[in-house]
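In: After the sequence you'll find the predicted model.
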Amino acid sequence: MKGGSAKYLIKEGFRNLWTNRLMTFASVGVLTACLLLVGFAVLFSENVSSIVGYVEEQNELVAFLKKDNTEEENLALQKQIAAMEDVDEVVYVTKEEAWDIQKEKLGDAASLLEENGDNPYYAYFTIREKDLEKIDITTAAIEKLDGIEKVNSSNGFAKSIVQIRKMVNIFGGAVIAALVLVSLVIIANTIRSAVFSRRKEINIMKYVGATNGFIRVPFLVEGVILGVIAAAVSFLLIWGGYSLLYDALTGDMMASFVANALKSMLPFREVALQVGLLFLGAGVLTGTLGSLISVRNHLKV
Amino acid sequence: MIELKDVSLKYENGTTALYDINLSVKDGEMAYIVGASGAGKSSILKLLLREKIATKGSVVVNGYNLGTLKQREIPYFRRSIGFVFQDFRLIPTMTIYDNVAFAMRAIGAPYKQIRTRVPYVLELMDMLRKAKRYPHELSGGEQQRVAVARALVNDPPLIIADEPTGNIDPELSYEVVDLFTQINKCGTTILMVTHEHDMVKYFGGRTIEIEGGRIVFDRVLKGERDLLRERAAQKEKKRKEQQAHELDKTREIGHIEPKPEQEVGKI
């Protein structure tokens, strides 16, 4: 294709967007709505993952050590446990440290304990798991070791978190897949009707002796532009919406564990690039594919 | 050039539209295809435009054998023909200029050539003054002239017109057909489908009549217009002779220098 002709065809694409602005508006609107839906679904699922991840991190095993263990024995045990397959980290807290932590927690009331004299506390390990699902196995393994008095694990809690995470992944994936499918159908229909209203034009071009390529290029340009506009609009909208939500949820209003968990919501700048690229890719792809497939039906004259 | 040999066309639904058609239109000819609706006129056009492929026989147009033409070669074949349709088929969102220029752009003509050729062709059709208008702002006759301009702009050896006067007022119809006869005089082959017998009678020329999918009449008719012209020419000749005779007389009588002969308006 010659340079002049390419320039003309691209210009023609822009001109067609304007002359058929009602259809352009409809297509961009539908595409934007679909991108927004998918975008929010993706963000929601990402955030739930992130929050669940935070909660997971808070989940620890506590293994109490027998009181008659020597310091060397304890350190050896720490090494042994740390070497286990599913264990991420083992922190050793000595009897004295445990005592100090408790005193700190009690504040003024700590003096009561001191009066009693003896340190009533056990030395213990806090153990973080690599994989929450295997917490049962690890607990059993540690309990079998000599020198361990008892292992405390919030087993049920860990299990439900694992469940939640699985559900979120499956459910989120299904919702996103459904939304993508519905969007594709709607977009294809919108673009098809846009092209259908111009089938006469395509027909005339065919009779004048235009090649299929020549007829396609303006539609291709239109598809790309539609996709880019829709991606830009939905990016701005989701930016605004998400930031508002983020500010509201991570603000100082709430305290406690829930607030801490929500703190691990992803700020927009962390996901901006991903979301932007996703929108641009999906927008341009659906725009061009939709155009080309719809035009193809009318080219067979 | 159009060459149909033993051509039959049967549609998917089982109806046969054309039976063993033999037709040849040579370069530079002008021919009308007439016939009632349903006789098979549009079927012939569909074959010539390669919308349909003949179920039997061979169709050759401008050297392209349409039976063996590949799908991707169709555009190049169509560039050798100018089409004019009953419903004009102008693109409503383009100006008159762009509608005509479009046909040149479609075949990849250089920009410079488009810029000189389009105004020239529009001027020929007397439509240059409306170049910036849109099709819906023009009358039917004007739209058809634009369509003719579009058919002409790539200078095709053959123009096929399908009922070009079907949507135009009767007076303007004659004007449009007259345009075609003039284009034909410049060497372009013209095939025109019409059901207006009066018009064919008036202009005259090769007339092919189709009935029930068969050619029933194919002859060159002398047009009324030509007859009228001949009569007018004879009258004029007589008048001139008389005038000359009278002049001779006056010269003999008064010895007056003869005036230069007046230009006589052409019809």
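Out: Structure received.

In: OK, contacts around A:K95?
Out: A:67, A:119, A:121-123 (C-beta atoms under 8 Å, 6 or more residues apart in numbering or on different chains). Glycine gets a C-beta too; all of them are placed from N, C-alpha and C.

In: any idea which of these has the most stuff around it?
Out: In terms of neighbours by other C-beta atoms under 10 Å in any protein chain shown, the contacts of A:K95 top out with A:A123 at 22 neighbours.

In: Can you read off the pLDDT for the residue nearest the centre of chain B?
Out: Central residue of chain B (C-alpha atoms, centre = their mean): B:F180, 3.6 Å from the mean position. Per-residue pLDDT puts B:F180 at 91.

In: re the thing from before, just the contacts of A:K95 now: which is nearest A:R216?
Out: Nearest to A:R216 out of those is A:A123 (C-beta to C-beta; 75.6 Å).

In: Kindly state the pLDDT recorded for that closest one?
Out: You'll see A:A123 listed with a pLDDT of 84.

In: Please apply the same query to A:S49.
Out: What the model reports for A:S49 is a pLDDT of 78.

In: Surely it and A:V168 touch.
Out: Yes: with contact defined as C-beta atoms under 8 Å, A:S49 reaches A:V168; the gap is 6.4 Å.

In: related to what we said a few turns ago, quick check: buried residues in the strand or helix carrying the residue nearest to the centre of chain B?
Out: Using DSSP states H and E, B:F180 falls within helix B:170-185. The neighbour-count check on helix B:170-185 (16 or more other C-beta atoms under 10 Å in any protein chain shown) flags B:172-174, B:176-177, B:179-181, B:183-184 as buried.

In: which other helices and strands contact it?
Out: On a contact count with 3 or more C-beta pairs under 8 Å, 6 or more residues apart in numbering or on different chains; DSSP states H and E, helix B:170-185 meets strand B:30-34, helix B:140-153, strand B:158-162, strand B:189-193, helix B:197-203.

In: Measure how it sits relative to strand B:30-34, angle-wise.
Out: Put simply, helix B:170-185 runs at 140 degrees to strand B:30-34, going by axes from the mean of the first three to the mean of the last three C-alpha atoms, to 10 degrees.

In: neighbouring contacts of helix B:170-185?
Out: Outside helix B:170-185, the residues that touch it by C-beta under 8 Å, 6+ apart are B:28-30, B:125, B:139-141, B:144-145, B:148, B:152, B:159, B:161, B:164-165, B:168, B:190, B:192, B:196, B:199, B:202-203, B:205.

In: Can I get it in CSV, CA atoms only?
Out: Extracted in CSV, the C-alpha atoms of helix B:170-185 (Å, rounded to 0.1, in the frame of the first residue of the first chain):
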residue,chain,number,x,y,z
PRO,B,170,-38.9,11.5,-17.6
GLU,B,171,-37.4,14.7,-19.0
LEU,B,172,-34.2,14.2,-17.1
SER,B,173,-34.1,10.5,-18.2
TYR,B,174,-33.5,11.6,-21.8
GLU,B,175,-30.7,13.8,-20.7
VAL,B,176,-29.0,10.9,-18.8
VAL,B,177,-29.3,8.5,-21.8
ASP,B,178,-28.0,11.3,-24.0
LEU,B,179,-25.0,11.4,-21.7
PHE,B,180,-24.4,7.8,-22.3
THR,B,181,-24.6,8.1,-26.1
GLN,B,182,-22.0,10.9,-25.9
ILE,B,183,-19.7,8.8,-23.7
ASN,B,184,-20.2,6.0,-26.2
LYS,B,185,-19.1,8.3,-29.0
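
In: just the helices in chain A please.
Out: With DSSP state H, the ranges of helices along chain A come out as A:3-19, A:21-57, A:71-82, A:95-106, A:110-116, A:135-144, A:155-196, A:199-208, A:212-250, A:256-263, A:268-298.

In: Tabulate those (JSON lines), appending distance to B:G223.
Out: Formatted as JSON lines, the helices of chain A follow (distance: least, C-beta to C-beta, whole Å):
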{"stretch": "helix A:3-19", "distance to B:G223": "44"}
{"stretch": "helix A:21-57", "distance to B:G223": "49"}
{"stretch": "helix A:71-82", "distance to B:G223": "109"}
{"stretch": "helix A:95-106", "distance to B:G223": "117"}
{"stretch": "helix A:110-116", "distance to B:G223": "124"}
{"stretch": "helix A:135-144", "distance to B:G223": "103"}
{"stretch": "helix A:155-196", "distance to B:G223": "45"}
{"stretch": "helix A:199-208", "distance to B:G223": "30"}
{"stretch": "helix A:212-250", "distance to B:G223": "41"}
{"stretch": "helix A:256-263", "distance to B:G223": "92"}
{"stretch": "helix A:268-298", "distance to B:G223": "41"}
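
In: ok, and which of these has the densest surroundings?
Out: With neighbours taken as mean count of other C-beta atoms under 10 Å in any protein chain shown, the helices of chain A reach their highest mean count in helix A:199-208, at a mean of 21.

In: any idea how far B:K56 lies from B:I2?
Out: 17 Å (C-beta to C-beta, to the nearest Å).

In: Who has more neighbours out of those two?
Out: Between B:K56 and B:I2, counted using other C-beta under 10 Å, the more crowded position is B:I2 (22 against 15).

In: Tell me how many other residues surround the closest residue to the more buried one other than its chain neighbours.
Out: Nearest residue to B:I2 in three dimensions, chain neighbours excluded: B:V25, at 4.2 Å (C-beta to C-beta, 6 or more residues apart in numbering or on different chains). Burial of B:V25 is recorded as 21 neighbouring residues (other C-beta under 10 Å).

In: So B:V25 versus A:L43, what's the distance?
Out: Counting by C-beta to C-beta, the gap from B:V25 to A:L43 is 69 Å.
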